[in-house]
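S.K.: no letters, just coordinates:
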């Protein structure tokens, strides 16, 4: 959604009604659902990578290096699925309140959702490292690197679509695309002023 769609004054008194908030935030709920589905597919791909991971040489501690990284990628996929699932649950809970279906306390949901949003970045960074290291350890001839690449792509989609969608009534989160969109708009306005 574009930032101007979040401008105050959707209702005559300048305060958004709950039904207006629910209508405005419905796209975020859909994105969160798609992201949660991507996270579930990432878990499936990570399990498949674990099952097809070849037995490679021992690392310095005597463990299987490739299998360890695939296991880390699987754990990251499961944690991201939990984060996306919580974000989806939080949005469903918020929408129920905004649609006047129930009176719920969203204070703690917003706080946990914000922390989960931050944690999703860390999880994806660890998964990035694990998928690359696991793919390198498995070798090019194995199926596991392809499944790890699929896991990583699905996790990136899940984090982008659901992980960053923390529960809020205001505009879009301060993610990179939002900042880029604001910079482009600012640049267009500056060019228009110069003409």
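M.R.: Yes, it's here. These numbers were taken from a predicted model, which means no experiment stands behind them.
S.K.: pLDDT weak spots in this protein?
M.R.: Using pLDDT under 70 as the threshold, the predicted model of the chain has low-confidence ranges 1-19, 21, 55-65, 101-104, 141, 170-180.
S.K.: one more time with 50
M.R.: Filtered on pLDDT under 50, the chain yields the residue ranges 1-15, 57-63.
S.K.: mind listing the helices for the protein?
M.R.: Secondary structure of the chain by DSSP state H: the helices cover 18-52, 65-98, 107-138, 144-158, 176-194.
S.K.: export these to TSV and tack on distance to residue 167?
M.R.: In this view, the C-beta of every residue, glycine as well, is placed from N, C-alpha and C. Putting the helices of the chain into TSV (distance: least, C-beta to C-beta, whole Å) gives the following:
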stretch	distance to residue 167
helix 18-52	9
helix 65-98	4
helix 107-138	4
helix 144-158	17
helix 176-194	17
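S.K.: and residue 164, which of these is closest to it?
M.R.: Closest to residue 164 of those, according to C-beta to C-beta: helix 107-138, at 5.5 Å.
S.K.: residue 32: neighbouring residues, count only.
M.R.: For residue 32, the tally of surrounding residues (other C-beta atoms under 10 Å) stands at 27.
S.K.: wait, it touches residue 160, no?
M.R.: No: under the contact definition of C-beta atoms under 8 Å, residue 32 does not touch residue 160, with a separation of 11.0 Å.
S.K.: out of the helices of the chain, flag the one nearest residue 166.
M.R.: Comparison of the helices of the chain against residue 166 by C-beta to C-beta identifies helix 107-138 as nearest, at 4.1 Å.
S.K.: next, the angle from that closest one to helix 144-158.
M.R.: Put simply, helix 107-138 runs at 160 degrees to helix 144-158, going by axes from the mean of the first three to the mean of the last three C-alpha atoms, to 10 degrees.
S.K.: helix 107-138 to helix 18-52, inter-axis angle?
M.R.: Regarding helix 107-138 and helix 18-52, their directions subtend 30 degrees when assessed with the same axes, to 10 degrees.
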